[in-house]
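S.K.: compute the structure for the input listed below.
(one chain, ligands or ions: 1)
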Amino acid sequence: MATDVGELIRVQALTRRYGSRTILDRLDLEIAPGEFVALLGQSGSGKSTLLRAMAGLDGDVAGDGSVEVPGQVSVVFQDARLLPWQRVLDNVVLGLDGAAERGRESLSEVGLAGRERAWPNELSGGEQQRVALARSLVREPRLLLADEPFGALDALTRLKMHALLRRLVEQHRPAVLLVTHDVDEAIALADRVLVLDHGRIAAEQRLDAGRDTTEIRAALLRALGVTGE
Ligand SMILES: Nc1ncnc2c1ncn2[C@@H]1O[C@H](COP(=O)(O)OP(=O)(O)OP(=O)(O)O)[C@@H](O)[C@H]1O
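M.R.: Next up is the predicted model:
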């Protein structure tokens with residue numbers, strides 16, 4: 001696929017420190033338009049730190065480097081973070097003027113047509129995550145950042161959400177950076193899987209058609225320090 005270099009999402013020499021600890025160490029990362037990238041890494045390796053930096057949500061954390069995203073960025077977290085005093089539709093279109101119709105369409109896309117006037121606490125955890133996805137996608141982001149978005153869901157709901165996310169991404173074509181602990185989730189969803197270690201991208205696997213996912217899985221587990229087979 002020919003890529004217009006001007007449209008790349010580009011992270012360059014990104015460094016983030018907490019006190020004397022360097023969490024991200026001159027990290028470089030490029031994501032092509034519409035590319036789905038999954039990010040693995042041991043607990044504490046800095047995945048959320050990277051995601052927050054890319055979302056512009058890292059406040060006054062020390063560091064330098066640059067993040068370029070040509071366009072809108074949306075973020076989904078492990079918890080849906082809906083406003084409990086706003087109905088579902090109002091949560092989706094919050095801050096967008098005259099977007100009620102688009103909000104309804106988005107809710108329908110995530111399977112929640114008819115629930116527009118429900119309150120968040122009337123929805124299950126999985127349904128609340130669907131609302132969070134609708135809220136993100138109604139803004140037509142160039143980049144969707146997702147930090148363990150299915151981490152709190154049961155296994156069956158998780159699989160359903162994988163199918164939904166795949167469909168939504170095909171329709172809306174945002175680039176995606178998905179942080180996950182789950183190697184199989186990464187392999188199931190991504191075009192490319194990265195492993196973060198010692199503040200850098202330590203390994204990379206492309207899920208090209210025809211590649212044996214058993215080998216990819218083994219390589220990713222090795223990069224994560226999981227051995228013993
Ligand atoms: N506000 C903060 N102040 C000090 N240290 C922090 C802060 N936020 C994160 N850290 C530290 O930075 C390191 C990276 O944290 P981060 O949350 O990015 O890791 P992670 O890879 O997302 O971990 P997990 O998979 O467990 O969610 C951790 O050691 C964490 O303790």
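
S.K.: so what pLDDT did the most centrally placed residue in the chain get?
M.R.: Nearest to the mean C-alpha position of the chain, by C-alpha atoms, centre = their mean, lies Ala146 at 2.2 Å. Looking at Ala146, its pLDDT reads 96.

S.K.: how close does it sit to Trp85?
M.R.: 25 Å (C-beta to C-beta, to the nearest Å). All C-beta atoms are positioned from the backbone trio N, CA, C, and that covers glycine.

S.K.: related to what we said a few turns ago, wouldn't the residue nearest to the centre of the chain be in contact with Val176 here?
M.R.: Yes. Assessed by C-beta atoms under 8 Å, Ala146 is found in contact with Val176 at 6.6 Å.

S.K.: okay, and the common contacts of those two?
M.R.: When contacts are counted by C-beta atoms under 8 Å, 6 or more residues apart in numbering, the set common to Ala146 and Val176 is empty.

S.K.: ok, and the closest non-adjacent residue to Ile31?
M.R.: Ile9 (4.2 Å; C-beta to C-beta, 6 or more residues apart in numbering).

S.K.: phi and psi next, for that neighbour.
M.R.: With angles defined as degrees, to the nearest 10, Ile9 sits at phi -90, psi 130.

S.K.: now do the contacts for it.
M.R.: Glu30, Ile31, Ala32, Pro33, Met54, Glu68, Val69, Pro70, Arg142, Leu143, Ala175.

S.K.: are any of those residues buried, and which?
M.R.: Buried members of these, counted by 16 or more other C-beta atoms under 10 Å: Ile31, Ala32, Pro33, Met54, Val69, Arg142, Leu143, Ala175.

S.K.: who's in contact with the residue nearest to the centre of the chain?
M.R.: Here Ala146 is in contact with Val75, Val76, Val176, Leu177, Leu178, Val179 (C-beta under 8 Å, 6+ apart).

S.K.: cool, Val193 as well?
M.R.: Val37, Ala38, Leu39, Leu40, Val183, Ala186, Ile187, Glu204, Gln205, Leu207, Ile216, Leu220.

S.K.: quick one: which of those is most hemmed in?
M.R.: Leu40 (28 neighbours; other C-beta atoms under 10 Å).

S.K.: is it true that it touches Val183?
M.R.: Yes. With contacts counted by C-beta under 8 Å, Leu40 reaches Val183, the gap being 6.4 Å.

S.K.: mutual contacts of those two, please.
M.R.: Val193, Leu220, Leu224.

S.K.: just the ones of these in helices?
M.R.: Using DSSP state H, the members of the shared contacts of Leu40 and Val183 that fall in helices are Leu220.
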